[in-house]
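> Could you look at this predicted model? Sequence included:
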Amino acid sequence: ETGVTQTPRHLVMGMTNKKSLKCEQHLGHNAMYWYKQSAKKPLELMFVYSLEERVENNSVPSRFSPECPNSSHLFLHLHTLQPEDSALYLCASSLDRLSTGELFFGEGSRLTVL
Amino acid sequence: AQSVTQLDSHVSVSEGTPVLLRCNYSSSYSPSLFWYVQHPNKGLQLLLKYTSAATLVKGINGFEAEFKKSETSFHLTKPSAHMSDAAEYFCVVTDTGGFKTIFGAGTRLFVKA
């Protein structure tokens, strides 16, 4: 148990669906992250939030829409995805924006796009 | 510019024998270096970190790593492998300010009985 909880753990969706991934951290951290992990590719940073403000968006397509309503919760809204978006989506948190190397990860949401 | 290279995509050892997972880095600044482990269907877990204190760093589960500036290396070792060590391991480098984090491609460790 890392203190970072992701739901759902598995999600299958069609290309026209809209779904959301949820992440919650109970560590009192101020920074939260979304990463994408695809087979045979390095971990890709998607978004960074610090104190609920988005501070980094690494050229992620607009079909991925993050939301951070407070410092404990992070969402990733998904719509009109492509099959190549199938991957493990990992949420992480850190004490603050300067502690990006010391991350606490959730167990991930395995997304399959049909 | 920063980069990190994990020299082996797969490493296979027998249970009870030493483990060596190799990592080389490139950084224009004084880096911080980390190793993470990921077991199947799990998230990543921090094993150990180097942040410019002692060059030999001890982590969880008997792992340790040595920072060698002259060789720009941060190899992960363990004296005796257990079956439970079978997982994927990631070497990570961040710059001095901690803003930029680069993950290596990962090394999958297989442990044979």
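Perfect, thanks for sending it.

> mind checking which helix or strand of the chain has the lowest mean pLDDT?
No chain was given, so I picked chain A. Here the helix or strand of chain A ranked lowest by mean pLDDT, DSSP states H and E is strand A:53-57, holding a mean of 80.

> oops, chain B please
Taking mean pLDDT, DSSP H and E as the measure, chain B has strand B:101-103 as its least confident helix or strand, at a mean of 89.

> what does that strand rub up against?
Strand B:101-103 is contacted by residues A:42-43, A:45, A:100-101, A:103, B:2-4, B:90-94 when judged by CB atoms under 8 Å, 6 or more residues apart in numbering or on different chains. (C-beta placed from N, C-alpha, C; glycine too.)

> Help me confirm that residue B:78 comes into contact with residue B:64.
Yes - the pair formed by residue B:78 and residue B:64 meets the contact definition of CB atoms under 8 Å, at 7.4 Å.

> For these two, indicate the residue with more neighbours.
More crowded of residue B:78 and residue B:64, by other CB atoms under 10 Å in any protein chain shown: residue B:78, with 21 against 16.

> quick one: that one from chain A, how far?
With distances taken as CB to the nearest CB, to the nearest Å, residue B:78 is found 21 Å from chain A.

> how about the nearest residue to that residue, chain neighbours excluded?
Nearest-residue entry for residue B:78: residue B:19, 4.2 Å, with adjacent residues in sequence omitted and distances by CB to CB, 6 or more residues apart in numbering or on different chains.

> Before we move on, what's the pLDDT of that neighbour?
As predicted, residue B:19 sits at a pLDDT of 98.

> same deal with the one 4 residues further on?
For residue B:23, the model assigns a pLDDT of 97.

> Likewise for the one 4 residues further on?
In the predicted model, residue B:27 carries a pLDDT score of 81.

> ok, the nearest residue to it once chain neighbours are set aside to chain A distance?
The shortest distance from residue B:27 to any non-neighbouring residue, by CB to CB, 6+ apart, is to residue B:2 (4.8 Å). As defined by CB to the nearest CB, residue B:2 lies at a distance of 11 Å from chain A.

> Am I right that residue B:2 is in contact with residue B:28?
Yes - between residue B:2 and residue B:28 there is a contact at 7.2 Å, judged by CB under 8 Å.

> okay, and the common contacts of these two?
Common contacts of residue B:2 and residue B:28, defined by CB under 8 Å, 6+ apart, comprise residue B:95.

> So which of these two has more stuff around it?
Ranked by neighbour count (other CB under 10 Å), residue B:2 and residue B:28 place residue B:2 first, with 15 against 9.
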